[in-house]
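*Asks:* need coordinates for the below:
(chains A, B and C)
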Amino acid sequence: MTLQAGAIVEALGGELFGDPDRLIARLAPLERAQPDELSFLADPKLIPLLADTQAGCVIVGPSLFEAARRRGDCIVTADPHLYFARLSRLWKQRHGDTARVGIHPSAVVEEGASVDPSASVGALCFVGRGARIGADTVLKARVTVGDGCVIGARCVIQSGAVIGGDGFGFAPHDGTWEKIEQLGAVRIGDDVEIGANTCIDRGALDDTVIEDGVKLDNLIQIGHNCHIGKHTAMAGCVGVAGSAHIGAHCTVGGAGMILGHLTIADHVHISAASIVTRSIFKPGHYTGFFPIDDNRAWEKNAAALKRIHTLRERLGQLEKRLAKSGLIVP
Amino acid sequence: MTLQAGAIVEALGGELFGDPDRLIARLAPLERAQPDELSFLADPKLIPLLADTQAGCVIVGPSLFEAARRRGDCIVTADPHLYFARLSRLWKQRHGDTARVGIHPSAVVEEGASVDPSASVGALCFVGRGARIGADTVLKARVTVGDGCVIGARCVIQSGAVIGGDGFGFAPHDGTWEKIEQLGAVRIGDDVEIGANTCIDRGALDDTVIEDGVKLDNLIQIGHNCHIGKHTAMAGCVGVAGSAHIGAHCTVGGAGMILGHLTIADHVHISAASIVTRSIFKPGHYTGFFPIDDNRAWEKNAAALKRIHTLRERLGQLEKRLAKSGLIVP
Amino acid sequence: MTLQAGAIVEALGGELFGDPDRLIARLAPLERAQPDELSFLADPKLIPLLADTQAGCVIVGPSLFEAARRRGDCIVTADPHLYFARLSRLWKQRHGDTARVGIHPSAVVEEGASVDPSASVGALCFVGRGARIGADTVLKARVTVGDGCVIGARCVIQSGAVIGGDGFGFAPHDGTWEKIEQLGAVRIGDDVEIGANTCIDRGALDDTVIEDGVKLDNLIQIGHNCHIGKHTAMAGCVGVAGSAHIGAHCTVGGAGMILGHLTIADHVHISAASIVTRSIFKPGHYTGFFPIDDNRAWEKNAAALKRIHTLRERLGQLEKRLAKSGLIVP
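*Replies:* This is a model prediction of the structure:
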């Protein structure tokens, strides 16, 4: 399957310099692209690759027009990364490689569930009683949407995701745990993406809420009664404990953890593998993990680390004594 | 659907002060409850909300009786959190919102498996040869119980859980890995809860054992031949490597990790995101993770951290020299 | 079911000292083995158990032959661990306890997918359009293999694994995220094992590649466009971000994390829970996590840690001043 360069700019805009009849067989990364392939240049670090790429056509920003044109055909657009995102979707669409609308015969959709006629419920999915699946939303194969959970429009739920498992709620009693039934549900807005094997628990009383445009990668855990604000994105293996309230436009790096009942402001960015143990009210970039090292060096540092508070005390005493003795001016 | 206040105390005990005919339409948190809703107060931090809640009725402990009664109807009970847990279950039951007994037609139950007639095997579950599912146990949709694995009575297994995958066992050979078939199974006691997409591997020779009353949250990994004692609870994203022996009444916070072949005593509490690298024989509370900070501060501290053992040495030398020189009395 | 000791050495080699007609009913660990059970001794730490084991027969290396023979029957072989691995497979095979060849009727195999006639596709699996499953490969129950993904020969994919979910790719645009369709696939070599609920994302343009002999435990996340070299093994809960290039013969301990776009050389070993934030070009053993401690001690150390860079500065100043004052020879 191929697309003509001219058909691409017709659909997506941008200015084509070169042959509109050029047939594009594939999209490819700059360093490996061939003459029948189209590539893009968004990361400034890759500029040195531009002169030598074999790509038949390259999508570039205005500042790289001349360098790109010197080597061959190009499409000029304000934001090549965004252009490429849209091209990837056009590509998929034109190649008929999109989810089939409707409910796969192997899926189980319980009574009282409502699936928009434009939605796609993949093979071996389970959609519980009273659940609602919005327009143009795609459930890949083997997704669970529990009873009463609501998913908005244009969402994509990857395989193995579990929306609406029971929140983890127990009352301690005489050394045992008594289950608190989780009577809330999960409400997911529009344009949300949920990764493979990611879990979003239903609320205890109120609902767990995922707002519009949130993007969750794979193997993420969202506890009961969490609230995640618009367009917040989380990378794989993140955990968010119950009742955390996370703002809009935040990002959480892979394996970041957010403890329960915390509030995170809008525009907060948490580095990978960092543990958020207190509310963060100020936008910014926060980090906390032990730096990796050669194992032997780590062992020495880890041992010293366990004495670091005594180190601080010893240093303080030394300073005080030297100051007192008049030998050192503090 | 509604429940009368009087019917609640009839079923669950406690003393009702106020109108027994009051209709309760929903359970709700104190701060948002409306006059047709019932709420509870267990966390002392929420006491300030009591005077102003709009709840039609509030469950409180004896010490808050007067304050609660001043504002309206209340149910007095020794342990409001526990009472609420039981009420949540009564609520679910009375509203007919419980798992349907029997094997869903889309589930695959292999020959030689035995499912108690009172158990519920959800849609698209897989129950392997020789597996046994106990009385009143509920497998939500899309659960795997592997060959020969045994699950006790009154358990709840959330969607996507995999009980009895192969343990991770390989013998190194000439730079490759030769698989060790995992010939054991998984044995799960009574009243156990297993979270969504949680995995419990079968043992290599002996069984992996989860004792009565254990509660495991979502996305937890339990390696082969682990033994988890009664009423131990683990939050989401915890990992327990193979052959760990964990006592009873322990708790592990979210994303805590326990390395293999360790022994953890009863009543040990591991904080979230902490890595247990040695056996713990003494009950208590253990922690180990890097505190989060503004990214710039973290970068400075992380850099210093890599030199912390030299810091310790330099400080020690300074102390020694000053003592030797007689300038400072150690 | 039983196997005769003589039949075992006939199939697997090694030298049997003792009764070839001895019936072996089970394989069992040294400390619990009974007279009708066979055990093995590979870990030197377990040598003290040899004299007292009740095992009917013990597999040992040549150096332990005399000690083993003194107590009863034994099989002598160069590598008892490897021998045991092969015995476990023989055991499973002889007991007919192997995956059934063919496609389970409850599995969904899309048009254009190709499944080798010797492969086993378990119950409730999904195999997408154009996917290929190699000879003797086993998909346990409830596995997803996405469109166009290729799995080699003799692989084992545990329940709940998702091969070929969409990579996590979005272009930022005006505070929202625009999806980049993931046009690549996943290519998995021969003799690969993929754990329960593990996710391997398809590439954005190129494929994600898992080479021959790789072993991945449960709940692992492999991002789009990763490349994992031959015979590398990763324990549970590991995360590998997109476009990481990991060498051959590496190991990653449980919950280790590897950030995106990094290169890891062959023969690199990452400790459990360690975060790899930079490329590693030198084989070796690398570690980085906060050591666990009694919670009170941790709190003191964590507080001091936040000031560690000022500690370093203060110590440096003290040294400088003392050197300047001539009181201390540096």
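*Asks:* which bits of the stretch 101-250 of chain A sit near chain C?
*Replies:* Contact residues, the stretch 101-250 of chain A versus chain C (CB under 8 Å from any CB of the partner chain): A:104, A:106, A:122-124, A:140-142, A:156, A:158-160, A:191, A:193, A:195-197, A:213, A:215, A:217-219, A:231, A:233, A:235-237, A:249. Every residue, glycine included, has its C-beta placed from N, CA and C.
*Asks:* mind doing that once more with 6 Å?
*Replies:* A:106, A:123-124, A:141-142, A:158-160, A:196-197, A:213, A:215, A:217-219, A:231, A:236-237, A:249 (CB under 6 Å from any CB of the partner chain).
*Asks:* which of those fall within strands?
*Replies:* Mapping those onto strands (DSSP state E) picks out residue A:215.
*Asks:* so which of the residues of the stretch 101-250 of chain A next to chain C are also by chain B?
*Replies:* Okay, of these touching chain B (CB under 6 Å from any CB), that's A:124, A:197.
*Asks:* so how far is stretch A:298-311 off the chain centroid?
*Replies:* 36 Å (CA atoms, centre = their mean, to the nearest Å).
*Asks:* measure it end to end?
*Replies:* 18 Å (CA to CA, to the nearest Å).
*Asks:* stretch A:233-247 too?
*Replies:* Stretch A:233-247: ends 11 Å apart by CA to CA.
*Asks:* same thing with stretch A:149-162?
*Replies:* 11 Å.
*Asks:* any idea how far it is from the chain center?
*Replies:* The answer for stretch A:149-162 is 14 Å, by CA atoms, centre = their mean.
*Asks:* any buried residues in it, and which?
*Replies:* A:149-162 (16 or more other CB atoms under 10 Å in any protein chain shown).
*Asks:* now do the contacts for the nearest residue to residue A:289 once chain neighbours are set aside.
*Replies:* Sequence neighbours aside, residue A:273 is the residue nearest to residue A:289 in space, at 4.3 Å (criterion: CB to CB, 6 or more residues apart in numbering or on different chains). By CB atoms under 6 Å, 6 or more residues apart in numbering or on different chains, the contact list for residue A:273 reads A:255, A:289, C:257, C:275.
*Asks:* same thing with residue A:228?
*Replies:* Residues near residue A:228 by CB under 6 Å, 6+ apart: A:210, A:214, A:246.
*Asks:* nearest to chain B, of those?
*Replies:* Chain B lies nearest to residue A:246 out of the contacts of residue A:228, by CB to the nearest CB, at 14.6 Å.
*Asks:* what bridges to that closest one?
*Replies:* Residue A:246 has these beta-bridge partners by DSSP bridges: residue A:228, residue A:264.
*Asks:* surely residue A:295 meets residue C:287?
*Replies:* Yes: contact between residue A:295 and residue C:287 holds when scored by CB atoms under 6 Å: they sit 4.4 Å apart.
*Asks:* how about the residues of chain A by chain B?
*Replies:* Close to chain B, as judged by CB under 6 Å from any CB, chain A has residues A:108, A:124, A:126, A:144, A:162, A:165, A:168, A:170-171, A:173, A:175-178, A:180-181, A:197, A:199, A:205, A:221, A:239, A:241, A:257, A:274-276, A:285-291, A:300-301, A:304, A:311, A:314-315, A:321.
*Asks:* before we move on, back to that, for the contacts of residue A:228, give me a markdown table that also has neighbour count and pLDDT.
*Replies:* Below are the contacts of residue A:228 laid out as a markdown table (neighbours: other CB atoms under 10 Å in any protein chain shown; pLDDT from 0 to 100):
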| residue | neighbour count | pLDDT |
| --- | --- | --- |
| A:210 | 27 | 98 |
| A:214 | 27 | 98 |
| A:246 | 27 | 98 |
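*Asks:* residue A:132 against residue A:114, yeah?
*Replies:* Yes: Residue A:132 lies in contact with residue A:114 (CB under 6 Å); the separation is 4.8 Å.
*Asks:* which residues of chain A fall in helices?
*Replies:* A:5-12, A:65-71, A:80-94, A:295-305, A:308-324 (DSSP state H).
*Asks:* list the helices and strands the longest one packs on?
*Replies:* Contacting helix A:308-324 under the criterion 3 or more CB pairs under 6 Å, 6 or more residues apart in numbering or on different chains; DSSP states H and E are the following elements: helix B:308-324, helix C:295-305, helix C:308-324.
*Asks:* deepest of these, which one?
*Replies:* Sort these by mean neighbour count, taking mean count of other CB atoms under 10 Å in any protein chain shown, and helix C:295-305 sits at the top with a mean of 18.
*Asks:* how far does that helix sit from its chain's centre?
*Replies:* Computed by CA atoms, centre = their mean, the chain-centroid distance of helix C:295-305 equals 34 Å.
*Asks:* now do that helix: everything it contacts.
*Replies:* A:308, A:309, A:312, B:285, B:287, B:288, B:291.
*Asks:* which of the residues you listed sit farthest apart?
*Replies:* Taking CB to CB as the measure, the contacts of helix C:295-305 span a maximum distance of 22.8 Å, between A:312 and B:285.
*Asks:* picking that back up, more neighbours, residue A:132 and residue A:114?
*Replies:* When neighbours are counted by other CB atoms under 10 Å in any protein chain shown, residue A:132 and residue A:114 differ, and residue A:132 comes out ahead with 21 against 13.
*Asks:* residues in a beta bridge with the more buried one, which ones?
*Replies:* Bridge pairing for residue A:132 - DSSP bridges - gives residue A:114, residue A:150.
*Asks:* thinking again about what came up before, would you turn the helices and strands packed on helix A:308-324 into CSV with mean pLDDT and distance to residue A:72?
*Replies:* Output for those, formatted as CSV (pLDDT from 0 to 100; distance: least, CB to CB, whole Å):
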stretch, mean pLDDT, distance to residue A:72
helix B:308-324, 82, 54
helix C:295-305, 92, 55
helix C:308-324, 82, 51
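*Asks:* buried subset of the residues of chain A next to chain B as a ChimeraX selection?
*Replies:* Selection command for ChimeraX covering only the buried members of these, criterion 16+ other CB under 10 Å:
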select /A:108,124,126,144,162,165,168,170,171,177,178,180,181,197,199,205,221,239,241,257,274,275,276,286,287,288,289,290,291,300,301,304,311,314,315,321
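*Asks:* which stretches of the stretch 201-330 of chain A aren't confidently modelled?
*Replies:* A:326-330 (pLDDT under 70).
*Asks:* and the residue of it that's closest to chain B?
*Replies:* residue A:288 (3.4 Å).
*Asks:* per-domain residue ranges of chain A.
*Replies:* A:3-94, A:102-286, A:295-324 (automatic domain parsing).
*Asks:* mind listing what the nearest residue to residue A:281 once chain neighbours are set aside touches?
*Replies:* Once flanking residues are discounted, residue A:281 sits nearest to residue A:265: 5.1 Å by CB to CB, 6+ apart. Neighbour list for residue A:265: A:247, A:281, A:283 [criterion: CB under 6 Å, 6+ apart].
*Asks:* please redo it, this time with the cut-off set to 10 Å
*Replies:* Applying CB atoms under 10 Å, 6 or more residues apart in numbering or on different chains, we find residue A:265 in contact with A:229, A:245-250, A:279-284.
*Asks:* now list the buried members of those.
*Replies:* Those of those that meet the buried threshold are A:229, A:245, A:246, A:247, A:248, A:249, A:250, A:280, by 16+ other CB under 10 Å.
*Asks:* got a markdown table for the residues you listed, with distance to residue A:64 too?
*Replies:* Formatted as a markdown table, the buried ones among the contacts of residue A:265 follow (distance: CB to CB, whole Å):
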| residue | distance to residue A:64 |
| --- | --- |
| A:229 | 35 |
| A:245 | 42 |
| A:246 | 37 |
| A:247 | 35 |
| A:248 | 33 |
| A:249 | 29 |
| A:250 | 32 |
| A:280 | 38 |
